[in-house]
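*Asks:* Quick one, fold the following:
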Amino acid sequence: MTLFYILLILFVGGILTYLGAKISKHLGHAIAFTSSTLSLYFHSILYGKLYGFTIDIGLFKLHAVAFSPLSWLIGEIVVVIGFLSILASFKEKHSDFYYLSVQFLLAGMILFVNAYDSITLFLSLELVTLFSFFGIWDGGKESAVKYLIWNLLGAYFIVAAIAILYRFTGSYFMNEVHYLGKAQKLVLFLLLFAGFAVKSALMPFHVWVKDAYRDSPHSFTALLSGAVSKIGIFGYFLIMFYTFAKFFIGAKYLQLTLAWLGGITALFAGIYATTKDDSKELLAYSSISQLGYVVAGIALATPLSISAGAFQFVGHAIFETLLFFTIASVAYRTGTTRMTELGGLIKKMPVSFIGLLFGIIALSGIPPTVGFPGKWMLYESFIIEGRILLAAVIFTASITAFLYSFRLVYSIFLGPLPSKYEDVKEAPFNFTFPIIVLLIPLLLFGVQPGIVLYYIDRFLSIFGIGKIEHSYSYIVTSLGKFNALYVGIVFAAAFVFAFIVYLLGGRTRKVHQFDNFTAGEVVDESYKLHYVDDFYLFLEREIKGFLKLRIESLYDWLSKFVDGLGDAVRRVYSGSHGDYIVYLGFTLLLLILIYGGKLWF
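*Replies:* Reported below is the predicted structural model:
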């Protein structure tokens, strides 16, 4: 079966969904569910059996191939998260065009990770940009426009790279870069990297993320973070280890520069996340931070660091998507994502609480979840390569993850329950099902990391990069050995022991949330017992100077400068003939002075 048929299912499904929704919302939902299910089914069962295709569209030919095991793995992430996102969206209010946008977006992402030439790659990337824009537009128009402008900038970088490639090689196939000189390769590499950096929100190209994630429909935000952001990361894999493999592997200073860019992104975004009150904004910066780990790992370009980055890439898709679905569940029942307006929902929404709890455990890199093996390999790779300072930066970024993770779970689920949420119930099946489904790989890949490493090994071997020693449960490096299964068993045993101690411990009794020790003061519901406002105020006071250093200020200044320059140029074109005669005379005088009194020879 060719990739073409999977794409056809999504394209035709999107169109039929749009038309069916005009007749009945339920019919539109049924068609969207069917097409997303079919694409998931065929993509899942046909690993190693998918074949590429070529389509002649006149000026160009589109070439797609079953590129690598990593392409299949990312495609699988896309179709799984796409299916779960569509399922959750049935409980939200959307335009008829929304479901067409989501399915076209899924098709664009699958085509991108299997594109064989630069034209197919660019067109599929623009499909992703366009239909992501429509998805965000369904929730927030200004944020959608901001997303579009920034991603068009990324598109210009990629178009420039394609133009240079064709100018010097006469070909649109990226593997023709070996004909170019070192300087030309560097320019091409940096242009493509910048284009993909916009899509993956690597600093300083991240400014669109906060607004887009906050304002987009809740179910769509999970797709944005879990799948769409991975397109940029796959672009990094493509240029580092396929298109420019020989050039990049030998460019040690370039590797270190990009690794530091990833490390700084991880740290700075983590710091910004701790200051956010809106849970979706917090997770937006969390997503940027976590992808910084990925970039730092793959940029270091050793088998261990690449494996670490790729594993963290998969882990991020699982736990960040899980977290956005839990926030979607809470927002569906409470109508807000602001943490200062929430609290005490642990007994009202236990499934959502468990999902968020395990999500932040994985995000913080704690065993036995999928978040630990990738970070363990990442630290090991930095230490082995002697990059101790970079390892320290990444470790500090992990500390920020603990901070904002605690804020997230405490503010939403712990503390007193506001009276307006007394009747809140657990989110419907459309939201809890994705949470339960994502908990399975979150724990499974945490104790059996070799399942993911199998696909990473295949990718590394295809491109001639050495692989690491591992089995399904253990990983070996030159510094030591990590057995994920044993660690998972120890953690599970410790939890069971603690729970038994709790059951056999001192006598407890249930009391009302306001029946507590308040130093003799009588309090009522108006008294704020939940420490949510200014959660990390003490920290913000210490770093307030740093928090003022925002790249947005530079972009605002550039915007005003360009606006002023444009206004000045507009004033030159006044429409007055007299002004134009003066300009002409001044120009002639300047030419005479330049050429020493001669205007011709």
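*Asks:* show me where the stretch 451-600 of the chain has helices.
*Replies:* Taking DSSP state H, counting those that start in this stretch, the helices of the stretch 451-600 of the chain run over residues 484-504, 537-542, 544-547, 551-572, 577-594.
*Asks:* Which positions in the shortest one come out as buried?
*Replies:* Residues of helix 544-547 classed as buried by neighbour count (16 or more other CB atoms under 10 Å): none. Heads up, the C-betas are built off the backbone N, CA and C, glycines and all.
*Asks:* Tell me which helix or strand the residue nearest the centre of the chain sits in.
*Replies:* For the chain, S229 is the residue whose C-alpha lies nearest the centre (CA atoms, centre = their mean; 3.4 Å). Element membership for S229 (DSSP states H and E) is helix 229-238.
*Asks:* Which SSE is immediately downstream of that helix?
*Replies:* Assigned by DSSP H and E, the successor of helix 229-238 is helix 245-249.
*Asks:* would you list every one of the strands in this protein?
*Replies:* 53-56, 61-64, 469-470, 474-476, 481-483 (DSSP state E).
*Asks:* Just send the ones you listed back as a markdown table, with mean neighbour count and mean pLDDT too.
*Replies:* Shown next, in a markdown table, are the strands of the chain (neighbours: other CB atoms under 10 Å; pLDDT from 0 to 100):
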| stretch | mean neighbour count | mean pLDDT |
| --- | --- | --- |
| strand 53-56 | 12 | 71 |
| strand 61-64 | 20 | 72 |
| strand 469-470 | 17 | 84 |
| strand 474-476 | 18 | 86 |
| strand 481-483 | 15 | 87 |
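*Asks:* Roughly how far does the residue nearest to the centre of the chain sit from R571?
*Replies:* Distance of S229 to R571, given as CB to CB, to the nearest Å: 43 Å.
*Asks:* Check Y18 too.
*Replies:* Y18 is 48 Å from R571, by CB to CB.
*Asks:* Comparing the two, which residue is more hemmed in?
*Replies:* Under the neighbour definition other CB atoms under 10 Å, Y18 and R571 were set side by side, and Y18 has more, 20 against 9.
*Asks:* so what's that one scoring on pLDDT?
*Replies:* pLDDT, Y18: 90.
*Asks:* Can you name the residues that contact the closest residue to it other than its chain neighbours?
*Replies:* Nearest residue to Y18, sequence neighbours excluded (CB to CB, 6 or more residues apart in numbering): L100, at 4.3 Å. Applying CB atoms under 8 Å, 6 or more residues apart in numbering to L100 gives the contacts G14, I15, T17, Y18.
*Asks:* swap in L40?
*Replies:* V79, V80, G82, F83.
*Asks:* quick one: the helices in the stretch 251-400 of the chain?
*Replies:* Under DSSP H, counting those that start in this stretch, the stretch 251-400 of the chain gives helices at 252-274, 279-300, 303-334, 350-363, 371-384, 388-413.
*Asks:* Let me have those helices in JSON lines, extended by mean neighbour count, distance to I6 and mean pLDDT.
*Replies:* Formatted as JSON lines, the helices of the stretch 251-400 of the chain follow (neighbours: other CB atoms under 10 Å; distance: least, CB to CB, whole Å; pLDDT from 0 to 100):
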{"stretch": "helix 252-274", "mean neighbour count": "21", "distance to I6": "32", "mean pLDDT": "90"}
{"stretch": "helix 279-300", "mean neighbour count": "27", "distance to I6": "26", "mean pLDDT": "91"}
{"stretch": "helix 303-334", "mean neighbour count": "27", "distance to I6": "19", "mean pLDDT": "92"}
{"stretch": "helix 350-363", "mean neighbour count": "23", "distance to I6": "29", "mean pLDDT": "93"}
{"stretch": "helix 371-384", "mean neighbour count": "24", "distance to I6": "28", "mean pLDDT": "90"}
{"stretch": "helix 388-413", "mean neighbour count": "20", "distance to I6": "36", "mean pLDDT": "90"}
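*Asks:* Which among the ones you listed is found nearest to D215?
*Replies:* Set against D215 and scored by CB to CB, those come closest in helix 279-300, at 8.5 Å.
*Asks:* so can I have CSV of the strands of the chain showing distance to A212?
*Replies:* Shown next, in CSV, are the strands of the chain (distance: least, CB to CB, whole Å):
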stretch, distance to A212
strand 53-56, 31
strand 61-64, 28
strand 469-470, 37
strand 474-476, 36
strand 481-483, 37
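*Asks:* Select, out of these, the one closest to K276.
*Replies:* strand 481-483 (33.1 Å).
*Asks:* which other residues reach the closest one?
*Replies:* So strand 481-483 is contacted by P373, W376, S473, Y474, I475, V476 (CB under 8 Å, 6+ apart).
*Asks:* What residues are bridge-paired with the last one?
*Replies:* Beta-bridge partners recorded for V476 (DSSP bridges): E469, K481.
*Asks:* Please shift the residue numbers so they start at 872 in all later answers.
*Replies:* Got it, the first residue is 872 from now on, which makes the last one we talked about V1347.
*Asks:* wait, what's in contact with it?
*Replies:* Counting by CB under 8 Å, 6+ apart, V1347 has contacts I1339, E1340, H1341, F1353.
*Asks:* Pipe those into JSON lines and attach distance to A935 per row.
*Replies:* Formatted as JSON lines, the contacts of V1347 follow (distance: CB to CB, whole Å):
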{"residue": "I1339", "distance to A935": "30"}
{"residue": "E1340", "distance to A935": "34"}
{"residue": "H1341", "distance to A935": "31"}
{"residue": "F1353", "distance to A935": "38"}
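*Asks:* Quickly name whichever of the residues you listed is closest to P1289.
*Replies:* Closest to P1289, out of all of those and judged by CB to CB, is F1353, at 43.5 Å.
*Asks:* I'd like to know how far the closest one sits from A1365.
*Replies:* 18 Å.
*Asks:* again, but for S1344
*Replies:* 19 Å.
*Asks:* more neighbours, these two?
*Replies:* Using other CB under 10 Å, the more surrounded residue of S1344 and A1365 is S1344, with 17 against 10.
*Asks:* With adjacent residues omitted, what lies nearest to the more buried one?
*Replies:* Among residues not flanking S1344 along the chain, L1356 sits closest, at 3.8 Å (CB to CB, 6+ apart).
*Asks:* quick one: contacts for that neighbour?
*Replies:* V1318, Q1319, S1344, Y1345.
*Asks:* One more pass at 7 Å, please.
*Replies:* V1318, Q1319, S1344 (CB atoms under 7 Å, 6 or more residues apart in numbering).
*Asks:* Burial check on the second one, number of neighbours?
*Replies:* It refers to Q1319. When neighbours are defined as other CB under 10 Å, Q1319 has 20 of them.
*Asks:* out of the helices of the stretch 1322-1471 of the chain, deepest packed?
*Replies:* Neighbour counts (mean count of other CB atoms under 10 Å) averaged over each of the helices of the stretch 1322-1471 of the chain peak at helix 1355-1375, with a mean of 13.
*Asks:* and that one with helix 1242-1255, angle?
*Replies:* With axes from the mean of the first three to the mean of the last three CA atoms, to 10 degrees as the basis, helix 1355-1375 and helix 1242-1255 are set at 130 degrees to each other.
*Asks:* and helix 1355-1375, what's its mean pLDDT?
*Replies:* The model assigns helix 1355-1375 a mean pLDDT of 87.
*Asks:* Send over that helix as CSV, restricted to the C-alpha atoms.
*Replies:* What follows is helix 1355-1375, C-alpha atoms only, in CSV (Å, rounded to 0.1, in the frame of the first residue of the first chain):
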residue,chain,number,x,y,z
ALA,A,1355,14.5,0.8,33.5
LEU,A,1356,12.4,-2.2,34.4
TYR,A,1357,14.3,-2.7,37.8
VAL,A,1358,14.0,1.1,38.5
GLY,A,1359,10.2,0.9,37.7
ILE,A,1360,9.8,-2.1,40.0
VAL,A,1361,11.6,-0.3,42.9
PHE,A,1362,9.5,2.8,42.4
ALA,A,1363,6.3,0.8,42.3
ALA,A,1364,7.3,-1.1,45.5
ALA,A,1365,8.1,2.1,47.3
PHE,A,1366,4.7,3.5,46.4
VAL,A,1367,3.0,0.4,47.6
PHE,A,1368,5.0,0.5,50.9
ALA,A,1369,4.1,4.2,51.4
PHE,A,1370,0.5,3.5,50.8
ILE,A,1371,0.4,0.6,53.3
VAL,A,1372,2.1,2.8,55.9
TYR,A,1373,-0.6,5.4,55.2
LEU,A,1374,-3.4,2.9,55.7
LEU,A,1375,-1.8,1.5,58.9
